[in-house]
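A.B. asks: here is my input; please provide its structure:
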Amino acid sequence: MAERNSKDKLELAEKIASQTRKVTKKYEDVESMILHVIRWFSTAIDRFLFNPKMGGAISLILAIMIYGVVNYSDEKSLFGTAYLQSTTLRDQPIVVDYNSDKWEITVSDETCEVVLTGDASSLSMQTSSSNYSIVADLSNLSSGTHTVKLQAKDFISGVSATVNPSDVTVTIKEKVTANYSIGYDFINMAKMDSIYALGTPTFESTRVAIRASEDTLSTVAFVKALIDVSGQTGVFEQDAQLVAYDQHGNPVKCDIKPETVKVTVPVTSPKKEIQVVVEPRGEVPNNMAIESITLDHNVITVYAPETTLNRLSDITVTFDAAQLTGDKRLEQGIVLPSNVNALSTSRIIMDVKLGEKVSKIIENVPIGYRNYSNDYKISTDETVYTSVTVYGTQTNVDKITAADLDVYIDLAGYTAGKYDMPIFVEQNPSLLVNFVSEKASISMTLTDENAQSGSDAVGG
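C.D. replies: Numbers count the residues shown, from 1 in each chain. Down below sits the predicted model:
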């Protein structure tokens, strides 16, 4: 019995050992298979990762993975703030909210910039809208200097607005009223035909009330109505804009009541017909002279104020006679005289004919004087006569007599003493001849003898 038990135990031990060997073998097979898979996977990974063609893709994948790992802990940053944008609105006007009838204000800044922050859609909607404002609210302030916070109003939801500067300095002064006389200025004169002349305006009211601070009113030197004369051809009425100016002619910002004044302005076209006088300058070459000049306009119409017309009797057109070598047609511009608005023509066409130059002498022509002062007595030891040579064509020279000659000395600027005074001969261009005195000068003595009768003077 004891022997059988020992045999059974031995068989059991052999079974257990056999089973253990089987289990161990299976584990070794599984381990071998796992290692084989790992080696294959590792080889595949190495081939994939270190393949030159796949390097760029691998780098991108790794960068995305690193970015995700770094930002994963801050979900708000990853999905919110990363999409916020900003833009700046420059030169935005500052709206000042105050009672303009009572107060005059000075603001340190008239514009500002606004930095907007939000998502792209919200910013696009905001920048395409003008329904917002930057406001300086003075409604609860009185006279003095104040620092006022700027308020960003009416920006859409989802957009944050930051204003720079964030505040402005405002000086507030109370307005008072003063009365001023009205003057005037004509504007847009270039848009009115120059043949017309403007008369003196008549105003419905000659005084106007200005409302501003006392400091501003002290700078107002005058108030003018700006009368627009564009296209006016006759008497007209209009409501002329009123503007206040300082002594330097700079506009002064203030309240003018009323802002315009009714004005009536007469418009006329004063004119006068005057003679055209042609004056050759220089001498015709080749021993020739001007025989005749025929004009296409002997008389032209002048448009000017009455005072200017009253002193005009003719208008002179000049040309260079030295350029003439034969008969010639010339076109010459007319220089607009001072204070003349317009002429009926701006150019003259002239036909110039030449002839052979001749001369003749007119003797015993008396010498007169100009600009004589009764403070002096005039005396001379010489004869007060001269001979004058006339040059021109035969036809024109034959027409000249002593009555056509004006020979003189000019006493302007001389004081007591003895002088050799030059002799002048008045040239008359319309005669188409030249005059030359035989005597170039005459010796004259001026004596300060106020009691001396003027009848003793030569040339009297």
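A.B. asks: the helices in the chain, which residues?
C.D. replies: 2-49, 55-71, 75-79, 120-127, 214-217, 306-311, 394-398 (DSSP state H).
A.B. asks: worst mean pLDDT among these?
C.D. replies: For the helices of the chain, mean pLDDT drops lowest on helix 75-79, to a mean of 46.
A.B. asks: where does the chain have low pLDDT?
C.D. replies: 1-13, 15-24, 27, 30, 41-42, 44-60, 62-63, 65-82, 449-460 (pLDDT under 70).
A.B. asks: any idea how it splits into domains?
C.D. replies: Domain assignment for the chain by automatic domain parsing gives 2-49+56-78, 83-174, 179-268, 271-356, 358-456.
A.B. asks: for the ones you listed, give me TSV that also has mean neighbour count.
C.D. replies: Using the backbone N, CA and C atoms, a C-beta is placed for each residue, glycine as well. Converted to TSV, these look like this (neighbours: other CB atoms under 10 Å):
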stretch	mean neighbour count
domain 2-49+56-78	10
domain 83-174	14
domain 179-268	15
domain 271-356	15
domain 358-456	15
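A.B. asks: what about stretch 135-148, how long is it end to end?
C.D. replies: 10 Å (CA to CA, to the nearest Å).
A.B. asks: typed the wrong thing, it's stretch 122-131
C.D. replies: For stretch 122-131, the end-to-end distance is 14 Å (CA to CA).
A.B. asks: now what about it, what contacts it?
C.D. replies: 85-87, 89, 116, 118, 132, 154-159 (CB atoms under 8 Å, 6 or more residues apart in numbering).
A.B. asks: and if we set it to 6 Å?
C.D. replies: The contact list for stretch 122-131 (CB atoms under 6 Å, 6 or more residues apart in numbering) reads 85, 87, 116, 154, 156, 158-159.
A.B. asks: what's the answer for stretch 92-102, then?
C.D. replies: With CB under 6 Å, 6+ apart as the criterion, stretch 92-102 contacts 110-112, 114, 133-139.
A.B. asks: then it to PDB, C-alphas only?
C.D. replies: The C-alpha coordinates for stretch 92-102 follow below in PDB (Å, rounded to 0.1, in the frame of the first residue of the first chain):
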ATOM      1  CA  GLN A  92     -11.900 110.100 -36.400                       C
ATOM      2  CA  PRO A  93     -13.800 113.300 -35.600                       C
ATOM      3  CA  ILE A  94     -14.600 114.000 -31.900                       C
ATOM      4  CA  VAL A  95     -18.200 115.000 -31.400                       C
ATOM      5  CA  VAL A  96     -18.500 117.600 -28.600                       C
ATOM      6  CA  ASP A  97     -21.900 117.500 -26.900                       C
ATOM      7  CA  TYR A  98     -22.600 121.000 -25.400                       C
ATOM      8  CA  ASN A  99     -25.000 123.900 -25.600                       C
ATOM      9  CA  SER A 100     -23.600 125.900 -28.600                       C
ATOM     10  CA  ASP A 101     -26.000 128.800 -28.100                       C
ATOM     11  CA  LYS A 102     -24.600 129.500 -24.600                       C
END
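A.B. asks: now the contacts of stretch 122-131 as JSON lines including distance to residue 308?
C.D. replies: Formatted as JSON lines, the contacts of stretch 122-131 follow (distance: CB to CB, whole Å):
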{"residue": "85", "distance to residue 308": "71"}
{"residue": "87", "distance to residue 308": "64"}
{"residue": "116", "distance to residue 308": "65"}
{"residue": "154", "distance to residue 308": "63"}
{"residue": "156", "distance to residue 308": "68"}
{"residue": "158", "distance to residue 308": "73"}
{"residue": "159", "distance to residue 308": "68"}
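A.B. asks: restricted to strands, list those.
C.D. replies: Using DSSP state E, the subset of the contacts of stretch 122-131 located in strands is 85, 87, 116.
A.B. asks: circling back to that earlier point, closest to residue 227 out of the contacts of stretch 92-102?
C.D. replies: Closest approach between these and residue 227, by CB to CB: residue 110, at 31.3 Å.
A.B. asks: ok, now which ones touch the closest one?
C.D. replies: Counted by CB under 6 Å, 6+ apart, residue 110 has contacts residue 94.
A.B. asks: again, but for residue 388
C.D. replies: 362, 365, 405, 435, 437.
A.B. asks: the first one and residue 441, how far apart?
C.D. replies: The reference is to residue 362. 19 Å (CB to CB, to the nearest Å).
A.B. asks: got the contacts of stretch 92-102 as a markdown table, with distance to residue 261 columns?
C.D. replies: Listed next are the contacts of stretch 92-102 as a markdown table, based on distance: CB to CB, whole Å:
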| residue | distance to residue 261 |
| --- | --- |
| 110 | 30 |
| 111 | 34 |
| 112 | 38 |
| 114 | 42 |
| 133 | 35 |
| 134 | 37 |
| 135 | 35 |
| 136 | 34 |
| 137 | 36 |
| 138 | 32 |
| 139 | 34 |
